[in-house]
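Enquirer: I would like to see how this sequence folds:
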Amino acid sequence: MDGHHCDGTVMINHDKKNISVFDFFCGCGGTSRGFQKAGMDIAFALDVDKDAKNTFTKNFPSTDFCDKSIKKLTVLDFQHTLDKYKDSYKLFCGCAPCQPFTKQNTESPKQDERKDLLTYFGTIVKECEPDFVFVENVPGLQKVPNHKHGPFPAFEELLHKLNYQIAYGVVAAQDYGAPQLRRRFVLLASRHGEISIPEPTHGKDSDTPYKTVYDAIADLPAITAGESYAGNNVLNHRAAMLSEINLERIKASTHDGGGRNNWPRALWPECYTRTNEDGTTHSGHTDCYGRLWWKKPATGLTTRCISYSNGRFGHPVQDRAISVREAARLQGFDDTFEFTGNLNSMARQIGNAVPVDLAFAMGKQFIKHIEAIHG
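Expert: Alright, predicted model coming up:
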């Protein structure tokens, strides 16, 4: 390693082969941004979502982008990129959409075609045999067996047949510097010897405390619900509108972690005033309509992370939900990263992204692995 840029990016000694990344479910670019910060070249990206494509290409203008479905992809579609980066190590990312494996998913496993995406990714890995493979998904991906149409057992078997050494498990993004509580399944695979999941860098088992909401967003300018910050120095600092009753609700919530337990009964939504069969009040989702805490990591961001009523996404002290930029910071995106699309689309892109800090830690682990190869 030569050292670090002032933005934290690790610089590679280019006398050695660098790692080029092929990001097959790139979304808006969380994995790619993390790997780029770790010092890798983002060579190729694929996604079928038009808004995600527009965001990705705006932030990675030199990356070859393909908007084909992976189900129709052939190696010919990115052969020119493979040729362009023929002298580097290849790392293939397969962070497929995770909704089919979430606890909240109510679709039949047989009906959700997204379950096959890891299998199609496996076909591309088999044809190209890249040096490294990275997969990120929800905890539970690895627990769905073959007979329930789980793709992971066959994918793991394929990697072993192709002589990859693999390491996988469930990690917490906050353990690697993300200011957000988010448990994820990760897999790292290498054709160049044994590889392992990196040790946590933050939290109770390290010398560095967890990053908090305060660390991430406290310095951003104050705005009101429905307002877009007008300055050019902060991109996408825009908050969703609040209805009159939701504005009353958040004003009735105490600063720094307050929620509907602070409200007078008249402000309760109807769904929280229903009684159960035993006469107790239906409690509902306790985080809905909640404010974030300053001195804790944020709760896990979802695709509705800028909606006050859809989780603990209220600003700790301002009477609004968090803005697009605040959500982006909680996912680890730097302020130069610009999102495109309407408000709901930007929130969906951010909620679906791999936390940048988590990807950065995994990227550094692959680079450390390469350095070990070179002695």
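Enquirer: ok, the helix or strand containing residue 92: who's next to it in the sheet?
Expert: For residue 92, the element it lies in under DSSP states H and E is strand 89-93. Strands adjacent to strand 89-93 in the sheet, as given by DSSP bridges, are strand 19-23 (parallel), strand 132-137 (parallel).
Enquirer: now the ones you listed as a markdown table including mean pLDDT, distance to residue 186 and mean neighbour count?
Expert: Every residue, glycine included, has its C-beta placed from N, CA and C. Shown next, in a markdown table, are the strands paired with strand 89-93 (pLDDT from 0 to 100; distance: least, Cβ to Cβ, whole Å; neighbours: other Cβ atoms under 10 Å):
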| stretch | mean pLDDT | distance to residue 186 | mean neighbour count |
| --- | --- | --- | --- |
| strand 19-23 | 98 | 15 | 26 |
| strand 132-137 | 97 | 5 | 24 |
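Enquirer: can you put the ones you listed in a markdown table and add distance to residue 345?
Expert: Shown next, in a markdown table, are the strands paired with strand 89-93 (distance: least, Cβ to Cβ, whole Å):
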| stretch | distance to residue 345 |
| --- | --- |
| strand 19-23 | 20 |
| strand 132-137 | 22 |
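Enquirer: In terms of helix, strand or coil, where does residue 345 fall?
Expert: helix (DSSP: H, G, I helix; E, B strand; the rest coil).
Enquirer: on that earlier part again, right, and the strands paired with strand 89-93 - which one's nearest residue 37?
Expert: Nearest to residue 37 among these is strand 19-23 (11.7 Å), distances taken as Cβ to Cβ.
Enquirer: List the contacts of the closest one.
Expert: The contact list for strand 19-23 (Cβ atoms under 8 Å, 6 or more residues apart in numbering) reads 29, 31-32, 35-36, 39-46, 78, 81, 85, 88-93, 95, 130-132, 366-367, 370.
Enquirer: wait, what's in contact with residue 55?
Expert: For residue 55, the contact set (Cβ under 8 Å, 6+ apart) comprises 28, 29, 338, 339, 340, 341, 346, 349.
Enquirer: Tell me how many other residues surround the third one.
Expert: The reference is to residue 338. 14 (other Cβ atoms under 10 Å).
Enquirer: Surely it and residue 60 touch.
Expert: No: using Cβ atoms under 8 Å, residue 338 makes no contact with residue 60, being 11.5 Å away.
Enquirer: before we move on, the earlier item: tell me which of the strands paired with strand 89-93 lies nearest to residue 258.
Expert: Here strand 132-137 is closest among the strands paired with strand 89-93 (Cβ to Cβ), at 33.1 Å.
Enquirer: so where does residue 257 fall, helix or strand?
Expert: Using DSSP H and E, no helix or strand contains residue 257.
Enquirer: Give me the distance between it and residue 204.
Expert: Computed with Cβ to Cβ, to the nearest Å, the distance linking residue 257 and residue 204 is 21 Å.
Enquirer: now do residue 329
Expert: Here the criterion is Cβ to Cβ. By it, residue 329 lies 23 Å from residue 204.
Enquirer: go on, residue 164?
Expert: 32 Å.
Enquirer: Settle it for me: which of the two has more neighbours?
Expert: residue 164 (22 against 8).
Enquirer: count of neighbours near the closest residue to residue 208 other than its chain neighbours?
Expert: Counting by Cβ to Cβ, 6 or more residues apart in numbering, residue 202 is the residue found nearest to residue 208 once chain neighbours are left out, at 4.8 Å. A total of 22 residues lie near residue 202 under the criterion other Cβ under 10 Å.
Enquirer: residues contacting residue 202?
Expert: Per Cβ under 8 Å, 6+ apart, neighbours of residue 202: 174, 175, 176, 177, 208, 209, 210, 211.
Enquirer: Run a quick neighbour tally on the second one.
Expert: For residue 175, the number of neighbouring residues by other Cβ under 10 Å comes to 22.
Enquirer: Now residue 194. Nearest residue, chain neighbours left out?
Expert: Nearest residue to residue 194, sequence neighbours excluded (Cβ to Cβ, 6+ apart): residue 165, at 4.9 Å.
Enquirer: who does the one you found bridge with?
Expert: Beta bridges link residue 165 to residue 190, judged by DSSP bridges.
Enquirer: For it, give its distance to residue 132.
Expert: Between residue 165 and residue 132 the distance is 10 Å, computed by Cβ to Cβ.
Enquirer: Give me the common contacts of those two.
Expert: Common contact partners of residue 165 and residue 132 (Cβ under 8 Å, 6+ apart): 189, 190, 191.
Enquirer: Let's see the PyMOL selection covering just the buried ones among those residues.
Expert: To isolate the buried members of these in PyMOL, using 16 or more other Cβ atoms under 10 Å:
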select buried, resi 189+190+191
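Enquirer: which residues sit in contact with the nearest residue to residue 324 once chain neighbours are set aside?
Expert: By the measure of Cβ to Cβ, 6+ apart, the closest residue to residue 324 outside its immediate chain neighbours is residue 236, 4.2 Å from it. Counting by Cβ under 8 Å, 6+ apart, residue 236 makes contact with 323, 324, 325, 328, 338, 339, 346.
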